[in-house]
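A.B. asks: Quick one: sequence and predicted model below, then my questions.
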Amino acid sequence: QVQLVESGGGLVQPGGSLRISCAASGFTFSTYGMSWYRQAPGKERELVSGITGTGGSTNYADSVKGRFTISRDNAKDTVYLQMNNLKPEDTAVYYCSAKKYSSLNGYITYWGQGTQVTVSS
């Protein structure tokens, strides 16, 4: 069955770095665009970053540009989010998502269970 399993979250001090990962299984990973979303307590889930199936194109929320880098390894069916210069406002549960368009089924989207990132001194 389809699985997206995030890992690597934790507690980090302001200004620190963290890399979170999302391992995929149960679908053809390279044909899906991958994204990282986050949700802070009391706030709506927001898009942080996305990457195309080939990894040739990426996009970032303004709030993380220059600090976060998304990448993927299609040989390992894994997407990463390198987070540098972390700020307390980056504290949230981070979710990975896989999405592609099918002419038969429309958009197909899968979600992981999330990993907590806490930025605090």
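C.D. replies: That came through fine.

A.B. asks: When you work out contacts or count neighbours from here on, use the C-alpha atoms and nothing else.
C.D. replies: Will do.

A.B. asks: What segments of this structure are strands?
C.D. replies: With DSSP state E as the definition, the chain shows strands at residue ranges 3-7, 10-12, 18-25, 33-39, 46-51, 58-60, 68-73, 78-83, 92-102, 106-111, 115-119.

A.B. asks: Quickly run through the sheet partners of the least confident helix or strand in the chain by mean pLDDT, with directions.
C.D. replies: Here the helix or strand of the chain ranked lowest by mean pLDDT, DSSP states H and E is strand 106-111, holding a mean of 93. Taking DSSP bridges as the criterion, strand 106-111 sits next to strand 92-102 (antiparallel) in its sheet.

A.B. asks: Tell me what angle the strand it pairs with forms with strand 33-39.
C.D. replies: For strand 92-102 against strand 33-39, the angle between stretch directions is 150 degrees (axes from the mean of the first three to the mean of the last three CA atoms, to 10 degrees).

A.B. asks: send the alpha carbons of strand 92-102 over as CSV?
C.D. replies: Listed in CSV are the C-alpha atoms of strand 92-102, where the atom choice follows Å, rounded to 0.1, in the frame of the first residue of the first chain:
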residue,chain,number,x,y,z
ALA,A,92,5.3,23.1,13.3
VAL,A,93,4.4,19.6,12.2
TYR,A,94,5.9,19.0,8.8
TYR,A,95,4.1,16.8,6.3
CYS,A,96,5.2,15.5,3.0
SER,A,97,2.8,15.1,0.1
ALA,A,98,2.9,13.3,-3.2
LYS,A,99,0.7,14.5,-6.0
LYS,A,100,0.2,14.0,-9.7
TYR,A,101,-2.5,14.5,-12.3
SER,A,102,-4.2,11.5,-14.0
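
A.B. asks: Of the strands of the chain, flag the one that's most buried.
C.D. replies: Mean neighbour count, computed with mean count of other CA atoms under 10 Å, is highest for strand 33-39 among the strands of the chain, reaching a mean of 23.
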